[in-house]
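Chemist: Return a 3D structure for these sequence lines:
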Amino acid sequence: GGLINLDDISHIDFLDRVSGIPESICLRFNPGNGFTIGNSIMSRPGDAKYGFTRPQLTAGVRELLSRGTRRFYLHAFLSSNTTEAAYYPALARLLFTTAVEIHRETGADIAGINLSGGIGVPYRPEDPEIDIEAVGRAVESEFEAVMIPAGLGKAAIHTELGRWLLAPAGCLVSRVIHEKHIYKDYLGLDACAADLLRPAIYGAYHHITVAGREKDAVSRTWDVTGGLCENNDKFAVDRPLPEVGVGDLVVIHDTGAHGHSMGYNYNGKLRSAEVLRTESGEFRLIRRAETPADYFATLDVLEDFRP
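Modeler: Next up is the predicted model:
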């Protein structure tokens, strides 16, 4: 009953082999390098591994029609964490125009358009927050201009705004366990990139505050680091912070998306607990911290090393 989203034209044969072709199916579109809004994280679409080319979309729809598909959905995800208001309307225009072309070329029933995610949040306190209602009105305007005149006004519109919904709803709380002064000043935390990978992958900014000192003046700049044996295990580089030292709690903000969900166990690191703050202001443990028993739970060679 799930809606399958195919990423490549070769997946048609693959899907037919493993489960058969359903009556409703979604295809992911990669328009190439002509789309340039907000590509700093994902890079240009033509350099990304995702999606059908434009000629492949038409060929794929015709092939799927011949195998029994009756309803088609079109999907694209071309930007990540952009607060440019033009992104979603431009993406909508691209997908709506493509849907109309495919409908005219093949006669296919375009049942829906999935605009996916990509809308970002203001990770820096000074960053503007996107006006989501204005974005929605602009998408609606594109729908009325492109889809309705082509007879596709009944197509559903879908979004997947995971980051926009969840990132501000979570934070990573960590304790300073080391302080180091060599060529630079370092704060060593009891968290690491295994708890929050984004800064290590591409230098993503997450705002950091010191618990109880949120309004104190800045005293110096620090590299805020974890304990992995990788020099990119840094939550912040040259970050101005108020007075802070061993034992203090630091709060790394906006980690509700791409935080715990990207956790891993490199260097034997155990994933942290998760605590939910309820609407009443109470705190409830919703995920316990991992233990060494969890770490070794899937290992099946210990018998081989016993004397």
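
Chemist: rest of the way, CA atoms for contacts and neighbours
Modeler: Noted.

Chemist: quick one: the strands in the protein?
Modeler: Secondary structure of the chain (DSSP state E): strands located at 5-6, 24-28, 71-75, 109-114, 156-158, 172-181, 185-189, 208-210, 220-225, 234-241, 249-252, 274-277, 283-287.

Chemist: As a markdown table, the ones you listed with distance to Leu197 would be great.
Modeler: Compiled in a markdown table, the strands of the chain are given as follows (distance: least, CA to CA, whole Å):
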| stretch | distance to Leu197 |
| --- | --- |
| strand 5-6 | 27 |
| strand 24-28 | 26 |
| strand 71-75 | 27 |
| strand 109-114 | 27 |
| strand 156-158 | 28 |
| strand 172-181 | 12 |
| strand 185-189 | 14 |
| strand 208-210 | 15 |
| strand 220-225 | 12 |
| strand 234-241 | 9 |
| strand 249-252 | 12 |
| strand 274-277 | 17 |
| strand 283-287 | 19 |
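
Chemist: want to throw the ones you listed into TSV with mean neighbour count and mean pLDDT?
Modeler: Converted to TSV, the strands of the chain look like this (neighbours: other CA atoms under 10 Å; pLDDT from 0 to 100):
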stretch	mean neighbour count	mean pLDDT
strand 5-6	18	98
strand 24-28	21	98
strand 71-75	22	97
strand 109-114	21	98
strand 156-158	14	97
strand 172-181	16	97
strand 185-189	20	97
strand 208-210	21	97
strand 220-225	19	97
strand 234-241	19	97
strand 249-252	20	98
strand 274-277	14	96
strand 283-287	11	97
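
Chemist: Looking at these, which is nearest to Glu133?
Modeler: Taking CA to CA as the criterion, strand 156-158 is the member of the strands of the chain that comes nearest to Glu133, at 15.1 Å.

Chemist: Which residues outside that closest one are in contact with it?
Modeler: Under the criterion CA atoms under 8 Å, 6 or more residues apart in numbering, residues Ala111, Gly112, Ile113, Asn114, Leu115, Ser116 lie in contact with strand 156-158.

Chemist: give the contact list for Asn267.
Modeler: Contacts here follow CA under 8 Å, 6+ apart; on that basis Asn267 touches Leu228, Cys229.

Chemist: nope, Ala193 is what I meant
Modeler: In this structure, Ala193 makes contact with Pro199, Ala200, Gly226, Leu228, Asp233, Lys234, Phe235, judged by CA under 8 Å, 6+ apart.

Chemist: Any stretches of this structure with poor pLDDT?
Modeler: Segments of the chain classed as low confidence (criterion: pLDDT under 70) are 34-48, 302.

Chemist: what ranges do the helices span in the stretch 1-150 of the chain?
Modeler: Taking DSSP state H, counting those that start in this stretch to define them, one finds helices in the stretch 1-150 of the chain at 11-18, 54-66, 87-106, 132-146.

Chemist: okay, those, which one's buried deepest?
Modeler: Comparing the helices of the stretch 1-150 of the chain on average neighbours per residue, with mean count of other CA atoms under 10 Å, the densest one is helix 87-106 at a mean of 20.

Chemist: what's it in contact with?
Modeler: Helix 87-106 is touched from outside by 37-38, 57-58, 61-62, 74-76, 78-79, 108-110, 113, 115, 119, 135, 138-139, 142-143, 146-147, 150, 152, with contacts defined as CA under 8 Å, 6+ apart.

Chemist: Any idea how far it is from the middle of the chain?
Modeler: In terms of CA atoms, centre = their mean, to the nearest Å, the gap separating the centre of helix 87-106 from the centre of its chain is 23 Å.

Chemist: Output it as CSV - backbone C-alpha positions only.
Modeler: Listed in CSV are the C-alpha atoms of helix 87-106, where the atom choice follows Å, rounded to 0.1, in the frame of the first residue of the first chain:
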residue,chain,number,x,y,z
TYR,A,87,13.2,28.0,-3.7
TYR,A,88,9.8,26.3,-3.2
PRO,A,89,7.9,28.4,-5.7
ALA,A,90,10.7,27.8,-8.3
LEU,A,91,10.7,24.1,-7.5
ALA,A,92,7.0,24.0,-7.8
ARG,A,93,7.1,25.8,-11.2
LEU,A,94,9.7,23.3,-12.5
LEU,A,95,7.7,20.2,-11.3
PHE,A,96,4.3,21.6,-12.5
THR,A,97,5.7,22.4,-15.9
THR,A,98,7.3,19.0,-16.2
ALA,A,99,4.1,17.3,-15.1
VAL,A,100,2.1,19.1,-17.8
GLU,A,101,4.7,18.2,-20.4
ILE,A,102,4.6,14.5,-19.4
HIS,A,103,0.8,14.5,-19.4
ARG,A,104,0.7,15.9,-22.9
GLU,A,105,3.4,13.6,-24.2
THR,A,106,2.1,10.3,-22.7
